[in-house]
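[1] I'd like to go over a predicted model; first the sequence, then the structure.
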Amino acid sequence: MKSQCRDKLNVVVIGSGMYVCGRGTESYGTIIPALFEWKKKTGKLGELYVAGRSVEGIKDAKIKIGQIQGDMGTGGFVRYYPEGKDDPDCFKKAIRAIPHPACAIVAVPDNLHKKVAACAIKNGLHTLVVKPLVPTVKETLELIGLQKRKKVHCAVEFHKRHDHANLKMKDAIERGDIGDILYFIVEFSQRKSIPTKVFRKWVKSTNIFQYLGIHYLDIIYFLTKAVPVRVMATGQKRWLRAQGVDTYDSIEAVIEWRGRRGNRFVSHILTNWVDPEKTSAMSDQRIKVIGTKGRFESDQKYRGIKIVTDVSGLEEPNPYFCGSYGPKGEVSYKGYGIDSIHQFLNDVVQVEGGIATLGELEDNRATFTQSVIPAYILEAVNRSLGQKNRWVEIKI
């Protein structure tokens, strides 16, 4: 008979920015609300550590997290790093200090993912990393090797796998309603404030395709289990360069895929982060798939809600990603962004309790192993951009 995990799960969150707690924005982010919501639902959350880079950043995060606790009516002590002075490596102290059973949630700039995730895994922590895992196949395989040696559960926070619209698309494809896939078209963009304000300090270490396009690379792989054959990419550096930010305004990639039955199809993924600040939502996104028997179109920006006020003008929020509900002191958070983090936490509890095995999670979770295919494409996109937009063959 399988045992149950009786101990509470301790969590270290590495990163203290927008996605963690909404720092620098008017929102409260996703990770901290998800953790406190999980605590309310399951009672399984033990000690919570939050590690940033600077004392000032952690000071701002403390305020945000205190406000979240007040709204949700969730108490509990949170331990913060660094203490006393700035320390970009303070996450190592937090990882070593947190008692087991424990897991890490990594939400730091892309270029730090490998270093931070490797440290967590080496210390025996189950690890969830925000997308992209890492930008190269070599780094991905190194992390997978480390994970297997340490025998911990490791996943990427690809929350779009939990969006009901994408799950409906998956069902339609698997039932054969679309027929043989001919092509996908994806458009995904965000406001100018993301590269110029929110991520300005580290934006040169990434690009818009790596930051946004990765979501739909994973979704197409998730929907079809196809493998990439070749890639061609183009990019433009205009507006951001004029603002002193040397990164692409937009990147467009054409990817040829080979399906499980050998049939080939193409995806066109168009990304930018120079949308006007007055656009009605932070993200403008849509995906469509066309096949020999039909099509499936999903507007993932417009979810049917419009709000117009004197203060904010027109807003078209997505309540299905991460929304707060209820009066102050009793707020709950719901949405597929919350579900994604809860799934990881629940999986860790099951692994710790002997209810689930790491092997059982490989096929139906966004594990590190499932990031190998997206990593091949990210590498090819970057090579194509550096080779005057030539086609780059992928051999897997």
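    Received the coordinates, thanks. Here the structure is a predicted model, which means the values were calculated and not measured.

[2] which residues does the closest residue to Phe265 other than its chain neighbours bridge with?
    Residue nearest to Phe265 in three dimensions, not counting chain neighbours: Ile181, with 4.3 Å by CB to CB, 6 or more residues apart in numbering. Placement of C-beta: from N, CA and C, glycine included. Note on Ile181: beta-bridge partners by DSSP bridges are Gly291.

[3] Would you quantify the distance from Ile181 to Ser267?
    Using CB to CB, to the nearest Å, Ile181 is found at 9 Å from Ser267.

[4] Could I get the phi/psi values of Thr196?
    The phi/psi pair for Thr196 (degrees, to the nearest 10) reads phi -90, psi -20.

[5] pLDDT value on it, please?
    pLDDT, Thr196: 96.

[6] follow-up on the earlier one: could you report the distance from the residue nearest to Phe265 to Arg261?
    From Ile181 across to Arg261, the span is 10 Å (CB to CB).

[7] remind me which residues of this structure are low pLDDT?
    The model of the chain has pLDDT under 70 over residues 1-6.

[8] what distance separates the start and the end of stretch 324-334?
    Taking CA to CA, to the nearest Å, stretch 324-334 runs 7 Å from one end to the other.

[9] show me what contacts the residue nearest to Phe265?
    Contact analysis of Ile181 by CB atoms under 8 Å, 6 or more residues apart in numbering lists Ile173, Thr224, Gly259, Asn263, Phe265, Val289, Ile290, Gly291.

[10] for Thr42, same thing?
    By CB under 8 Å, 6+ apart, the contact set of Thr42 is Asn346.

[11] Ile185: which element?
    strand 181-191 (DSSP states H and E).

[12] my bad, should have said Tyr19
    Assigned by DSSP H and E, Tyr19 falls in helix 18-21.

[13] Next, the buried residues of the helix or strand following that helix.
    Using DSSP H and E, the helix or strand that follows helix 18-21 towards the C-terminus is helix 31-42. Across helix 31-42, burial judged by 16 or more other CB atoms under 10 Å covers Ile31, Ile32, Pro33, Ala34, Leu35, Phe36, Glu37, Trp38, Lys39.

[14] Next one: the fourth one from Asn382, what distance?
    It refers to Ala34. Counting by CB to CB, the gap between Ala34 and Asn382 amounts to 31 Å.

[15] ditto for the fifth one
    From Leu35 across to Asn382, the span is 34 Å (CB to CB).

[16] What is the helix or strand hosting Asp71 packed up against?
    Mapping Asp71 onto the secondary structure by DSSP H and E places it in helix 55-72. Counting contacts by 3 or more CB pairs under 8 Å, 6 or more residues apart in numbering; DSSP states H and E, helix 55-72 packs against helix 18-21, helix 31-42, strand 45-51, strand 78-81.

[17] Would you reformat these as CSV and include distance to Ile377?
    Output for those, formatted as CSV (distance: least, CB to CB, whole Å):
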stretch, distance to Ile377
helix 18-21, 23
helix 31-42, 26
strand 45-51, 31
strand 78-81, 35
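
[18] Nearest to Trp202 among those would be which one?
    Closest approach to Trp202 among those is made by helix 18-21 (12.2 Å; CB to CB).

[19] Can you tell me which helices and strands that closest one packs against?
    The contact analysis (3+ CB pairs under 8 Å, 6+ apart) places helix 18-21 against helix 31-42, helix 55-72.

[20] possible to save those helices as a markdown table with distance to Gln343?
    Shown next, in a markdown table, are the helices and strands packed on helix 18-21 (distance: least, CB to CB, whole Å):
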| stretch | distance to Gln343 |
| --- | --- |
| helix 31-42 | 10 |
| helix 55-72 | 20 |
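
[21] wouldn't Gly313 be in contact with Glu277 here?
    No: in this structure Gly313 lies outside contact range of Glu277 using CB atoms under 8 Å: 10.6 Å.

[22] ranges for the helices of the chain?
    Using DSSP state H, the helices found in the chain span residues 18-21, 31-42, 55-72, 90-97, 113-122, 137-150, 164-175, 193, 208, 214-224, 239-242, 336-352, 358-362, 372-386.

[23] Indicate which one of these is closest to Tyr81.
    helix 90-97 (4.1 Å).

[24] the inter-axis angle of the closest one versus helix 55-72?
    Counting by axes from the mean of the first three to the mean of the last three CA atoms, to 10 degrees, helix 90-97 lies at 60 degrees to helix 55-72.

[25] got the angle for helix 90-97 vs strand 45-51?
    Using the same axes, to 10 degrees: helix 90-97 against strand 45-51 is 160 degrees.

[26] Off-centre distance for helix 90-97?
    When distances are taken as CA atoms, centre = their mean, to the nearest Å, helix 90-97 is centred 23 Å away from the chain's centroid.

[27] give the contact list for Ile208.
    Ile208 makes contact with Pro195, Thr247, Tyr248, Asp249, Ser250, Ile251, Thr271, Asn272, Trp273, according to CB under 8 Å, 6+ apart.

[28] Okay, and which of those residues map to strands?
    Applying DSSP state E to these, the entries found in strands are Ser250, Ile251, Thr271, Asn272, Trp273.

[29] pretty sure the last one is touching Arg191, no?
    Yes: distance between Trp273 and Arg191: 7.3 Å, which falls inside the contact criterion (CB under 8 Å).

[30] Those two: who's more crowded?
    Trp273 (27 against 20; other CB atoms under 10 Å).

[31] Report the contact partners of the more buried one.
    Residues in contact with Trp273 (CB under 8 Å, 6+ apart) are Ser189, Gln190, Arg191, Lys192, Ile194, Pro195, Ile208, Tyr211, Leu212, Asp249, Ser250.
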